[in-house]
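1. Need coordinates for the following:
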Amino acid sequence: MKKVVSLLLALMLVLACVGCGTKNESAPAEDAAANEQTDEGTEAAEPEAGADEDAAQPEADAEDENAEPETDADTAADDVKSEGVMTYDEYVAAELDTEVVVETYVQAKQSWWEDKATVYSQDKDGGYFLYNMACSEEDYEKLTPGTKIKVTGYKSEWSGEVEIIDATFEIEEGNYVAEAQDVTALLGKDELIDHQNKFVTFKGMTVEASKDADGNDVAFLYNWDGSGQDGDDLYFNVSLDGSTYTFTVESYLCDNTTDVYNAVKGLNIGDQVDMEGFLYWYEGVNPHITSVTVK
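-> Numbering: from 1, shown residues only. Here you go, the predicted structure:
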């Protein structure tokens with residue numbers, strides 16, 4: 001009997017030990033699962049910093065795409081004159097036959113001959129006519145529209161046209177091509193001369209008759225008196241509000257192969273026209289026209 005009781009007690013002790021061992025071995029697995037859930041929760045709650053940057057990037061890119069590009073006009077508006085260079089107002093105020101130094105931008109080349117160039121130029125404030133400026137043929141090719149140059153020469157006047165003569169120049173960094181300024185409303189007014197040598201436009205004008213050498217009414221003349229031939233300057237009359245003005249296609253600036261030269265040759269008396277060109281002056285307003293559009 002004692003043996004049976006002893007065996008029962010021993011068996012119960014073994015079973016108790018086995019139960020304790022099983023419980024202790026399962027604990028690490030439960031802890032690991034709990035830790036894994038905690039780690040996953042942390043990752044979900046705290047996204048990587050790079051995700052915020054990536055999300056913000058499209059918005060920044062959109063802002064960049066919507067930004068207005070810098071234009072040549074903006075460049076000119078911000079243009080600051082170098083030391084010793086005149087502003088346009090200072091140039092206008094300078095006495096005739098005195099030395100002037102300006103920074104300006106080529107708008108059109110009129111001619112080159114024997115290392116001398118004649119050029120229309122302009123900055124944001126006004127226009128300059130550079131007459132017979134010292135220039136090699138190689139440098140003349142570099143004077144494309146918009147090219148910035150520093151010009152040193154003498155202020156002069158010929159029959160009302162203010163110009164810079166005996167000049168030299170150097171090419172600088174920068175570019176600006178002027179838009180044509182509408183000065184139609186200034187025709188016949190004293191203020192028009194303030195825009196001398198600028199690139200301008202005239203709108204809604206009427207072609208009037210000119211008299212050729214035989215006294216016939218014609219829409220244009222070769223030379224001012226009709227004495228020329230194809231390839232010479234073209235002169236034609238246009239009117240606005242009852243006043244008539246003489247405009248010119250300068251053959252050195254726009255020769256007989258250009259659209260404007262042939263457009264003027266095709267004009268009829270009474271045509272309504274819009275025009276662009278440079279506000280040249282000769283005994284009064286005498287624009288050098290570079291474009292004519294019949295309305």
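2. any weak-confidence spans in the stretch 1-150 of the chain?
-> Flagging of the stretch 1-150 of the chain using pLDDT under 70 yields the residue ranges 1-78.
3. mind redoing it with 50?
-> 1-71 (pLDDT under 50).
4. hang on, isn't Asp89 packed against Val102?
-> No. Taking CB atoms under 8 Å as the definition, Asp89 is not a contact partner of Val102, at 11.4 Å. Bear in mind the C-beta positions are built from the backbone N, C-alpha and C, glycine included.
5. So between those two, which is more surrounded?
-> Val102 (26 against 10; other CB atoms under 10 Å).
6. residue contacts, that one?
-> Each residue near Val102 by CB atoms under 8 Å, 6 or more residues apart in numbering is listed here: 85-86, 88, 91, 123, 128, 150-151, 164.
7. which two from those end up farthest apart in space?
-> Within those, Tyr88 and Lys150 form the most distant pair, 14.3 Å apart (CB to CB).
8. hmm, back to that, go through the contacts of Val102 and flag which are in helices.
-> Among the contacts of Val102, the members found in helices (DSSP state H) are 88, 91.
9. what's the closest of the contacts of Val102 to Thr257?
-> Nearest member of the contacts of Val102 to Thr257, counting by CB to CB, is Tyr128, at 27.0 Å.
10. What's the separation between the closest one and Gly188?
-> 25 Å (CB to CB, to the nearest Å).
11. same thing with Lys295?
-> Counting by CB to CB - Lys295 and Gly188 are separated by 21 Å.
12. same deal with Asn256?
-> 31 Å.
13. try Ser136
-> Going from Ser136 to Gly188 by CB to CB gives 42 Å.
14. before we move on, what about Pro287?
-> Distance from Pro287 to Gly188, counting by CB to CB: 14 Å.
15. and the two? which has more neighbours close in?
-> Between Pro287 and Gly188, counted using other CB under 10 Å, Pro287 has the larger neighbour count: 25 against 12.
16. quick one: the helices in the protein?
-> 2-45, 49-66, 72-77, 88-93, 137-142, 259-265.
17. Quick check: buried residues in stretch 206-222?
-> Buried residues in stretch 206-222, counted by 16 or more other CB atoms under 10 Å: 207-208, 210, 218-222.
18. got those as TSV, with distance to Asp271 columns?
-> TSV is the format used below for the buried residues of stretch 206-222 (distance: CB to CB, whole Å):
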residue	distance to Asp271
Val207	4
Glu208	10
Ser210	13
Val218	13
Ala219	8
Phe220	11
Leu221	16
Tyr222	19
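19. Among the residues you listed, which pair sits farthest apart?
-> Applying CB to CB across those, the maximum distance is between Glu208 and Tyr222, 17.3 Å.
20. What is the burial count for Tyr88?
-> 17.
21. hmm, I was thinking of Glu163
-> For Glu163, the neighbour count with other CB under 10 Å is 22.
22. which residues of this protein fall in strands?
-> Remark: strands assigned in the chain by DSSP state E are 99-112, 116-122, 127-134, 147-158, 161-175, 181-182, 199-208, 210-211, 217-218, 221-222, 234-240, 243-249, 272-278, 288-294.
23. Please tell me how far the longest one is from the chain's geometric centre.
-> Average the C-alpha atoms of strand 161-175, do the same for its chain, and the two points are 20 Å apart (CA atoms, centre = their mean, to the nearest Å).
24. just checking, what packs against that strand?
-> Secondary-structure packing of strand 161-175 (3 or more CB pairs under 8 Å, 6 or more residues apart in numbering; DSSP states H and E): helix 72-77, strand 99-112, strand 127-134, strand 147-158.
25. Many thanks, I have nothing further to ask.
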